[in-house]
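> Below is the sequence, then the predicted model.
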Amino acid sequence: MAGQHPHHPLRAVIGADDLNNAYIDGSQKRLVSRAVRLEPHFSVLDYGCGVGRWTLWFARQVKHVVGVDISPGMVEAARQAADATGIRNAEHAVIDGLPLPFEDSAFDVVNAVWALRYITDDDELARTVGELCRVTRPGGHLTFIEMLARREPEFKEHEGEFSGAAVYRRGGDYRSLFEGCGMILKESTVSSASPLYWPFVAVRDAARRRNLPDPLSRLAPSAVSVSLAAEGLTTGLMQVLADRGLVWCRHRFFCFEKPESGEVRASPHEQKNASF
């Protein structure tokens, strides 16, 4: 898909609608910027880097970024994007299996967006979480955004226009894994949930389905900018409603902090299956 849309790289990792892509990408990055104060000397790991939308964003703010993915095609697309924009402090690599090829406490920030749900095996997920925690430095942060299940985990053989299996897990399942490794939850909030933007999309899409003139086409850029400008207030409102069970938001952002002691324990799942 990245090859089919060389001038629209987000279509390969978010969706076909460029307006939605702009809003989702912007809202997610605002959440990370709010939760973690990026410093010029930081080293960042972008786990599941895809075509580099996060790797290149981090690279403009920190000293060094490493983007890793299991897909050679994605990694090559990310490398080409870095070269095309003149970015020299980002490297991209293909990884296959565990452990991760990095030393303990190698990164100030570890980021994983829409990557963990593609690890469908629970044992492998527990090992992966343990590795992400291991390579985070004491005092550092681990941020991730995922699609969640409302009640029981949901297996997806395909996700819309994207092929490949995924598991939507509950937020509590992820929290237990990271906290079981000694991480401290700093923030958990809904993401991409602006009540200003999505009604705009609903009206626009309804007009398209009925082959009517798009009444809001001229407002499209404004819809994104206004929604992002109001993100702090609207996301807070949606969070309160979600916490009380009044609305359901599948997208969720998490930020964990590694204690200064640096202790990382095996996840509860690994502990249960360990042999001594």
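That came in fine, so what should we check first?

> all helices for this protein, in order.
Shown for the chain, the helices assigned by DSSP state H span residues 18-35, 53-59, 72-84, 122-134, 171-180, 197-209, 220-229, 231-243, 268-273.

> What are the buried residues along stretch 13-32?
Using 16 or more other Cβ atoms under 10 Å as the test for burial, stretch 13-32 gives 13-14, 19-32. The way it works is simple: take the backbone N, C-alpha and C, and place the C-beta from them, glycine included.

> thinking again about what came up before, of all the helices of the chain, which gets the most neighbours per residue?
When you average the neighbours per residue for each of the helices of the chain (mean count of other Cβ atoms under 10 Å), helix 53-59 leads with a mean of 24.

> Report the central residue of this structure.
Residue closest to the mean C-alpha point of the chain, counted by Cα atoms, centre = their mean, is Val113 at 1.7 Å.

> Could I get the contacting residues of the closest residue to that residue other than its chain neighbours?
Excluding the flanking residues, the one nearest Val113 by Cβ to Cβ, 6 or more residues apart in numbering is Ile145, at 4.6 Å. By Cβ atoms under 8 Å, 6 or more residues apart in numbering, the contact list for Ile145 reads 28, 31, 112-114, 191, 251-254.

> From the buried residues of stretch 13-32, pick the one nearest Ile70.
Val13 (13.9 Å; Cβ to Cβ).

> Skipping its backbone neighbours, what lies nearest the closest one in space?
Gly50 (4.4 Å).

> What's the local residue count around that neighbour?
For Gly50, the neighbour count with other Cβ atoms under 10 Å is 24.

> Just checking: what are the partner strands of whichever strand in the chain runs longest?
When the chain is parsed with DSSP state E, its longest strand is strand 136-147. Note on strand 136-147: by DSSP bridges, its sheet partners are strand 107-113 (parallel), strand 251-257 (antiparallel).
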